[in-house]
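Peer 1: Here is a sequence together with a model predicted from it:
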Amino acid sequence: MNRQRTAHLRCTATAAIAFWLFASAAVPAQTTSIRIRERDRSTPPTQSGNPRLPEERVGNPVLEQWSLSAVKVKPPKKLAVHDLVTIIVREQRKYESDGALETKKQFDLRTTVNAFLKPDDGLLGASTFPNGRPNIDFKNQSNVKNESDKEREDKLTTRITAQVLDIKPNGNLLLEARAEISFDEEVSVITMSGVARSQDITADNTVLSTQLADKCIVVNNGGAVHDGSARGWITKLLDAVRPF
């Protein structure tokens, strides 16, 4: 009987210790979650005059607080109007076109005048055509064959800093950038605009040009090299008229 009572007391003590350990481990996590909710409720609203991106909670705060191996996730960068964002431009375009045209035309015209009016003593009579009847014999044949091959490849790789012009209600950013690069007599002016998602902005404050919507890139070049490779006005006139 004493052995049974001793075993029963040991089981009861073990269960009590296990329950106490489980309760003590669960209380900090519950308290931490309540604190997080209170912080969310106490966050003041942003002013309408200077809109900012909506705050997003990243990671697991409970795990980061109580785990020794957890790595704290860096929160996304909060951007406001007139902030600067670097756009990494990587644009590549390749265009190929083949065309062929073959035209054959043949035209034959033959006609003969058998009779014609002729004035005779104030009256109209028939002409006798003493030198032969007038006739027309026309024949035209043309063959046209054209072939054209066109291939073009453009590549633009650069970095340009844009300014946040507007922040949409869903957090999207309206970006606009302009850069002027000058080397000796060569001048390049690059203008760019587009809409980027706030979550596409990386931690180092950059975004790829391929991630922009409503993208518009304009590159204007000027200088000796551009002037030397440009078409003359006669070439432009011939290309516009296309006489052949």
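Peer 2: Received the coordinates, thanks. Numbering: from 1, shown residues only.
Peer 1: For the chain, just list every one of the strands.
Peer 2: 84-112, 117-120, 123-126, 135-167, 173-183, 186-196, 206-208, 213-222 (DSSP state E).
Peer 1: Pick out the shakiest of these, pLDDT-wise.
Peer 2: Per-stretch mean pLDDT for the strands of the chain is lowest at strand 123-126 (a mean of 63).
Peer 1: before we move on, back to that, with mean neighbour count and distance to residue 233 as added columns, please give the strands of the chain in a markdown table.
Peer 2: To be clear about C-beta, it is placed using only N, CA and C from the backbone, and glycine gets the same treatment. Formatted as a markdown table, those follow (neighbours: other CB atoms under 10 Å; distance: least, CB to CB, whole Å):
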| stretch | mean neighbour count | distance to residue 233 |
| --- | --- | --- |
| strand 84-112 | 11 | 26 |
| strand 117-120 | 10 | 56 |
| strand 123-126 | 9 | 60 |
| strand 135-167 | 11 | 23 |
| strand 173-183 | 15 | 27 |
| strand 186-196 | 17 | 22 |
| strand 206-208 | 16 | 41 |
| strand 213-222 | 12 | 18 |
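Peer 1: The ones you listed: which one's closest to residue 70?
Peer 2: strand 206-208 (26.9 Å; CB to CB).
Peer 1: Does anything pack onto the closest one? Which helices or strands?
Peer 2: Using 3 or more CB pairs under 8 Å, 6 or more residues apart in numbering; DSSP states H and E as the contact test, the elements touching strand 206-208 are strand 84-112.
Peer 1: now the strands of the chain in JSON lines, with distance to residue 60?
Peer 2: JSON lines is the format used below for those (distance: least, CB to CB, whole Å):
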{"stretch": "strand 84-112", "distance to residue 60": "28"}
{"stretch": "strand 117-120", "distance to residue 60": "109"}
{"stretch": "strand 123-126", "distance to residue 60": "113"}
{"stretch": "strand 135-167", "distance to residue 60": "28"}
{"stretch": "strand 173-183", "distance to residue 60": "28"}
{"stretch": "strand 186-196", "distance to residue 60": "28"}
{"stretch": "strand 206-208", "distance to residue 60": "27"}
{"stretch": "strand 213-222", "distance to residue 60": "32"}
